[in-house]
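Asks: Quick one: sequence and predicted model below, then my questions.
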Amino acid sequence: MTIRFDNQVAIVTGAGNGLGKSHALELARLGAKVVVNDFGGARDGSGGSSEAAEKVVAEIQAAGGEAIANGADVSSPEQVEAMVKEAMDTWGRVDVLINNAGILRDKSFAKMTQDDWDKVVAVHLTGSEICSRAVWPIMREQGYGRIVMTTSTSGLYGNFGQANYGAAKMAVAGLMNTLCLEGEKYDIKINCIAPTAATRMTEDLMPPEVLAMLEPKAITPAVLFLCSQQAPTHRIVLAGAGCYAMVRLMESEGV
Ligand code: ADP
């Protein structure tokens, strides 16, 4: 099966590193014009610049693709509105949104501060809501849209030290469920992915020999399938090994 994104515009948040970067590069290779968003902060969400996003844009342009860098903080409605306006002013539509930006502030619940909770919820949950809200009227008007949210097995099953992250990720799946109902009539499909990949987020959580096998680019085809025109349905939560299984089937049987 050949997935293409010609004449489509995609926004990928947190695309300066890891999974988001891999998705943005591949979307551009397959014909999409891409807004590469990243606020470039530290892993705990502090600081920031759009430098990482600019490097990814340079890589896309060097390969003959079209992209713009954007340094919006996804937890700021004003900055996200400005990002979406820039995409509309430049290319006139938004077909794909991948809510990928994320931070971690892992601590046992006994040590977790209110600020640790608030910041993680603000980026993962409210950030996904803010970005989806900003593209929603555009996708409704177009009668077409694909949104991929990033959830986590940490939310589905719990994980030590991740009360904030797990709760936010579970709620992201809840947001998907309602958006699916309300988006159906406009051909807006929303799916979730719960990836297991080697990124800044997982580098402390798994042994190096496991991480060596979990390259972000191995997950990307599954994500791009979910945000393509051929996306089979909506409301899929593709988790962990399921991502790899889907990619293998796409390769061997053209699913
Ligand atoms: P993963 O690839 O697993 O999502 P990374 O830490 O490699 O993990 O990538 C997450 C990206 O999200 C980072 O590049 C980070 O700068 C970005 N990011 C984090 N918080 C925000 C935010 N509020 N707005 C935009 N980008 C963000």
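Replies: Great, that's in hand.

Asks: residues touching the closest residue to Thr202 other than its chain neighbours, list them.
Replies: The shortest distance from Thr202 to any residue other than its chain neighbours is 6.7 Å, reached at Leu211 (CB to CB, 6 or more residues apart in numbering). C-beta: built from backbone N, CA, C; applies to glycine. Contact partners of Leu211, counting by CB atoms under 8 Å, 6 or more residues apart in numbering, are 198, 202-203.

Asks: Whichever of the residues you listed end up buried, select them in ChimeraX.
Replies: Restricted to the buried members of those, where burial is judged by 16 or more other CB atoms under 10 Å, the ChimeraX selection command reads as follows:
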select :198,202
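
Asks: okay, now the nearest residue in space to Ile138 that is not next to it in sequence: neighbour count?
Replies: If you skip the residues right next to it in sequence, Ile138 has Val94 as its closest partner in space, 5.0 Å away by CB to CB, 6+ apart. Number of residues near Val94 (other CB atoms under 10 Å) recorded here: 23.

Asks: sorry, back to before: could you measure the residue nearest to Thr202 against the ligand, distance?
Replies: Shown here: Leu211 relative to the ligand, a distance of 12 Å by CB to the nearest ligand atom, to the nearest Å.

Asks: Next, find the distance separating that residue from Thr150.
Replies: 18 Å (CB to CB, to the nearest Å).

Asks: and what of Ile236?
Replies: Relative to Thr150, Ile236 is positioned 13 Å away (criterion: CB to CB).

Asks: okay, and the common contacts of these two?
Replies: A shared contact of Ile236 and Thr150, defined by CB under 8 Å, 6+ apart, is any residue touching both; here these are Cys192.

Asks: Strands of the stretch 51-200 of the chain, residue ranges please.
Replies: Along the stretch 51-200 of the chain, counting by DSSP state E, counting those that start in this stretch, strands occupy 66-70, 96-99, 145-150, 188-194.

Asks: ok, and what's touching the second one?
Replies: Right, the one you point to is strand 96-99. 5, 8-13, 15, 20, 23, 27, 32, 74, 127-128, 131-132, 135, 145-150, 172, 223, 227.

Asks: And the first one, by the same measure?
Replies: For strand 66-70, the surrounding residues in contact (CB under 8 Å, 6+ apart) are 24, 28, 33-38, 50, 53-54, 56-57, 60-61, 83, 86-87, 90.

Asks: for the stretch 51-200 of the chain, what spans make up the helices?
Replies: Ranges of helices in the stretch 51-200 of the chain, per DSSP state H, counting those that start in this stretch, are 51-62, 77-91, 114-121, 127-142, 153-157, 163-183.

Asks: So which bits of the chain are right by the ligand?
Replies: If contact is defined as CB under 6 Å from any ligand atom, the residues of the chain in contact with the ligand are 13-14, 16-20, 37-41, 43, 45, 52, 73-75, 100-103, 123, 127, 199-201.

Asks: Buried subset of these as a ChimeraX selection?
Replies: In ChimeraX, a selection of the buried entries from the residues of the chain next to the ligand looks like this (16+ other CB under 10 Å):
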select :13,14,16,17,18,19,20,37,38,39,40,41,43,45,52,73,74,75,100,101,102,103,123,127,199,201
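
Asks: about what we covered before: between the contacts of Leu211, which is closest to the ligand?
Replies: Distances from the ligand to the contacts of Leu211, taken as CB to the nearest ligand atom, are shortest for Thr202 (6.5 Å).
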